[in-house]
Each structure stands twice: as structure tokens, then as C-alpha cells.
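Novice: no sequence for this one, just the structure:
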């Protein structure tokens with residue numbers, strides 16, 4: 001998403017002035033999890049050539065793992 005001043009790099013790296021929990025911008029895209037999952041309990045997401053697994057737990061929580 002380009003060179004944005006709020007992009008973070010490294011494990012846990014963030015600007016000293018950044019809050020520990022950042023709010024999502026109002027114009028942030030939203031995708032309903034039911035649409036994303038397409039009736040599946042688990043999907044693979046490819047990001048920059050890396051595979052991530054998104055799954056719905058038995059308690060209906062989402063877990064993303066590499």
C-alpha cells in the first residue's frame with residue numbers, strides 16, 4: 001500500500017509516538033468474514049508470495065497463522 005508513514009516493519013516495531021493499539025481508519029475496506037470464508041472453516045491467503053491460513057475456531061473466532 002505504498003510508502004505510508006504508519007507502515008511498521010520488524011517484530012513489534014512502531015514509531016515511539018504510536019499507540020500500542022491503533023484505530024482503523026474510517027475509509028478502511030471491510031469484508032464480511034462469511035463472504036471471505038465462502039462457507040469454509042479454513043482458507044489460504046497468499047500475501048507477497050507467502051501462504052497464510054485463516055480458520056474459524058469452534059468458538060467462531062478467527063485465527064490467522066503463517
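Specialist: Perfect, thanks for sending it. Only a predicted model underlies this, so the values are computations on that prediction, with no experimental measurement involved.

Novice: toward the C-terminus, what is the element adjacent to the lowest-mean-pLDDT helix or strand in the chain?
Specialist: Lowest by mean pLDDT, DSSP states H and E among the helices and strands of the chain is helix 33-37, with a mean of 94. Under the assignment DSSP states H and E, the closest C-terminal helix or strand after helix 33-37 is strand 42-47.

Novice: listing partners with orientation, what would you give for that following strand?
Specialist: If you go by DSSP bridges, strand 42-47 pairs up with strand 50-56 (antiparallel).

Novice: need the next SSE after the strand it pairs with, C-terminal direction.
Specialist: Strand 50-56 is succeeded, C-terminally, by strand 62-65 (DSSP H and E).

Novice: low pLDDT regions in this protein?
Specialist: Scanning the chain with the threshold set as pLDDT under 70 gives 1-24.

Novice: and with 80 instead?
Specialist: Where the chain drops to pLDDT under 80, the residues are 1-26.

Novice: how close does the residue nearest to residue 37 when sequence neighbours are not counted sit to residue 49?
Specialist: Take residue 37 and drop its neighbours on the chain: the residue closest to it by C-beta to C-beta, 6 or more residues apart in numbering is residue 43, 6.0 Å away. Where you see a C-beta, it was placed from the backbone N, CA and C, and this is true even at glycine. Using C-beta to C-beta, to the nearest Å, residue 43 is found at 17 Å from residue 49.

Novice: when these two are compared, which one has more neighbours?
Specialist: residue 43 (13 against 5; other C-beta atoms under 10 Å).

Novice: contacts only, for the more buried one.
Specialist: Counting by C-beta atoms under 8 Å, 6 or more residues apart in numbering, residue 43 touches 36, 37, 53, 54, 55.

Novice: how much space separates it from residue 30?
Specialist: 17 Å.

Novice: one more: residue 48?
Specialist: Noted for residue 48: a distance of 22 Å to residue 30, by C-beta to C-beta.
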